[in-house]
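J.: sequence and predicted structure below; questions after.
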Amino acid sequence: MQPGEVQLWGRQIAAVLRLEMKKTFLSKRGWWIYCLAAGPVVVTLLHWLVMMRPRSGFNHHLGDDSIIFAGLFQLFYLRATIFFGCMGIFSNLFRGEMLEKTLHYYFLTPMRRELLVIGKYLAGLSVALVLFVGSTAAAFLTLARHFGAAWSDYLYHGPGMSQLGSYMLVAALGCVGYGAVFLMCGLFFRNPMIPAAVVFVWENLNPFLPALLKKISVIFYLRSLCPVEVPVPPPFSVMVIDADPTPAWLAVPGLLVLALILLAYTAMSARQTEINYGE
Amino acid sequence: MTETLISFANVSRFYGEVLGINNVNLTIPPGITSLVGPNGSGKTTLMNLMTGLIRPTQGEIKVLGIAPEHPEQLCKVVGYCAQFDSCPKGLTGYQFIYWFLRMHGLTAAECDRKTNAALERVSMTAAAGRPVGAYSKGMRQRVKLAQAIAHDPQVLVLDEPLNGLDPMARAETIALFREWGQNGRHVIVSSHILHEVDQISDQVILLSQGYVVAEGEIKGVRDEVKEQPMQILVRCNDPGGLAARLFQQDHMVEAKISRDRKGLLLRTTDADSFYLLLNKVILETGLEVESIAPADDDVNSVYQYLIGGEGGTV
């Protein structure tokens, strides 16, 4: 490595990051991703507003809302919002350029292709974190506001803040993990929907898989980190196979290592990638 | 960097089973070099190979001593105005070049200065603030050219760069090529506009169906191309008589009379002599000629152009 090379790499990654942010953040093409992120917040906001009405007469407890949020997070955020949102953001980073016939713009710069992969991944990750971690926090904070002082007490003196932190961490790790998966799919597959469908089925079959197979998925580690467990209703509860949850000290670095391996493989493959717009 | 040549050694490129270029051996010196050939002859493949956008199936390429597998070195010395007409969404002409330079690792001030200089060089300063998507074809072509020259490369590769340019812009662009060529740089241009190729080129590389048919200085290529047999279709009232007269000549390779007995398909290695002889036969015999045309497609027009200048085959 020559002196000044790290500085040069930093400038090049920063350039890709800023250009990608400029192109993709709040672009019209991503409207459905913003809807996915805003959906749960709208639902929790409506819930709060309905419960705030003088004659609403709600008769549930704060703990019920905590379980409702856990369900919302595991079933909607992890399995739909973050999964499909990351698919939309990350698989488009390379595939979108190929469809729009603009990838050569990047490939004609004297930048290591590995740095291009890193720059694009960081840009996608920044967008995903803002949208999905932000949405998670907003939904959590609005869901039970109608409990007033009890809610404040739960947040500041009870387990609220720690739960919020855990949910935000899980959402962020979801973006890191699924982001790496879908960035790779976007580089390798002409139609990333096919591998995405395979990953989606695999991730959703996870509770019903044998303990060993469960561990070969992103959702298993993410669910292990969720602060509140969601009870599985019958008849599905009969089919669920229990596996020991992975401890946080293993789940967090495990997911990061998995993402790093996928990114390294994508970066190495990018060096061999050719411009072929299918003409 | 001491190496000044671009070299291809036994380079082939296949797209699946389709041939892009086959067994190309070339050495391109500095100056203006034109790649000439009909669609599908391998011009763009050759350009994409030398800029590292695609890899050869076999063989070795070096651009000023750099292998295209190392874009971090190659793209410092190469500027490519590709045939692809698209630009990242939402960028203005200024941003298109500015961000390209930022990805070279230059500072913001350097990028700004070089962007403005490149835009001025192609007379696009006034439209720099407009989105590239709203540009006309000619303006897009010019902004792409500005992007290719913005980092001051030693090798400028231009795929059909004069397409869509108005006469004024065409003249300015040709002047730019000449200036770069005279400064000891490489300017490699592909074009269908043959009289412009003749005007601007120091060297020419003639491609047909993935093969290099001829290369070198224009005069040398003319001589080389003369060796290639070409097909000419003559429609007249006595093709048999014409064939009998023509076959007394050494340069005639083959003659076939068409089914309707009105056409004669000829293969000759010397088109100039053939046309002279044909004129003589017409004058002597009163042969009624309906039409004379090269029977191969564009490439023969190219050959004919390079062989005979305005010497008219059709």
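T.: Okay, I see it. Remember, predicted model here, so these are calculated numbers, not experimental data. Numbers count the residues shown, from 1 in each chain, chains lettered A, B, ... in the order given.

J.: element containing B:A109, please.
T.: Here B:A109, judged by DSSP states H and E, is contained in helix B:108-121.

J.: and that helix, how far out from the chain middle?
T.: 29 Å (CA atoms, centre = their mean, to the nearest Å).

J.: got a list of contacts for that helix?
T.: B:93-94, B:97-98, B:101-102, B:106, B:125, B:128, B:143, B:146-147, B:149-152, B:176 (CB atoms under 8 Å, 6 or more residues apart in numbering or on different chains). Placement of C-beta: from N, CA and C, glycine included.

J.: name the next helix or strand downstream of that helix, please.
T.: According to DSSP H and E, the helix or strand after helix B:108-121 is helix B:137-149.

J.: which among the contacts of helix B:108-121 end up buried?
T.: With burial judged by 16 or more other CB atoms under 10 Å in any protein chain shown, the buried subset of the contacts of helix B:108-121 is B:93-94, B:97-98, B:101-102, B:106, B:125, B:128, B:143, B:146-147, B:149-151, B:176.

J.: quick one: which two of those residues are the most distant?
T.: B:R102 and B:L176 (24.0 Å; CB to CB).

J.: picking that back up, from the buried ones among the contacts of helix B:108-121, which are also near chain A?
T.: Residues of the buried ones among the contacts of helix B:108-121 in contact with chain A (CB under 8 Å from any CB of the partner chain): B:R102, B:L106.

J.: let me know the closest of the buried ones among the contacts of helix B:108-121 to chain A.
T.: Within the set of these, B:R102 lies nearest chain A; the separation is 3.7 Å, counting by CB to the nearest CB.

J.: which residues touch that closest one?
T.: Contacts for B:R102 were tallied using CB under 8 Å, 6+ apart; they are A:R11, A:A15, A:R18, A:L19, B:A108, B:C111.

J.: what's around the second one, how many residues?
T.: Around A:A15 there are 25 other residues, counting by other CB atoms under 10 Å in any protein chain shown.

J.: which of the buried ones among the contacts of helix B:108-121 sits closest to A:W202?
T.: Distance to A:W202 across the buried ones among the contacts of helix B:108-121 (CB to CB) is lowest for B:R102, with 39.6 Å.

J.: can you check the pLDDT for the closest one?
T.: In this model, B:R102 is scored at 96, pLDDT.

J.: repeat for the one 5 residues further on
T.: We note a pLDDT of 93 for B:T107 in this prediction.

J.: so how many other residues sit close to it?
T.: 11.

J.: now do B:D198
T.: If you count neighbours by other CB under 10 Å, B:D198 ends up with 15.

J.: residue boundaries of the helices in the chain?
T.: Here I'm looking at chain A. Under the criterion DSSP state H, helices of chain A are mapped to A:5-24, A:31-52, A:62-71, A:82-99, A:103-107, A:113-128, A:134-143, A:149-156, A:160-188, A:193-205, A:211-214, A:218-225, A:236-239, A:248-272.

J.: try again with chain B
T.: With DSSP H as the criterion, chain B has helices spanning B:43-50, B:71-77, B:93-102, B:108-121, B:137-149, B:167-182, B:194-200, B:218-225, B:239-246, B:271-285, B:298-308.

J.: can you list contacts of the first one?
T.: Among residues not part of helix B:43-50, those counted as contacts by CB under 8 Å, 6+ apart are A:275, B:6, B:8, B:11, B:13, B:20-21, B:24, B:35-37, B:54-56, B:61, B:63, B:68, B:78, B:80, B:82-83, B:155, B:157, B:159, B:188, B:190, B:205, B:207, B:210.

J.: show the average pLDDT along it.
T.: Here the average pLDDT along helix B:43-50 is 95.

J.: next one: it to chain centre, how far?
T.: Relative to its parent chain, helix B:43-50 has a centroid offset of 11 Å by CA atoms, centre = their mean.

J.: alpha carbons of it, as CSV, please.
T.: Listed next in CSV are the C-alpha coordinates belonging to helix B:43-50 (Å, rounded to 0.1, in the frame of the first residue of the first chain):
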residue,chain,number,x,y,z
LYS,B,43,-15.4,-2.0,-33.2
THR,B,44,-17.2,-1.6,-29.9
THR,B,45,-15.9,-4.9,-28.5
LEU,B,46,-12.4,-3.7,-29.2
MET,B,47,-13.0,-0.4,-27.4
ASN,B,48,-14.7,-2.1,-24.5
LEU,B,49,-11.8,-4.5,-24.2
MET,B,50,-9.2,-1.8,-24.2
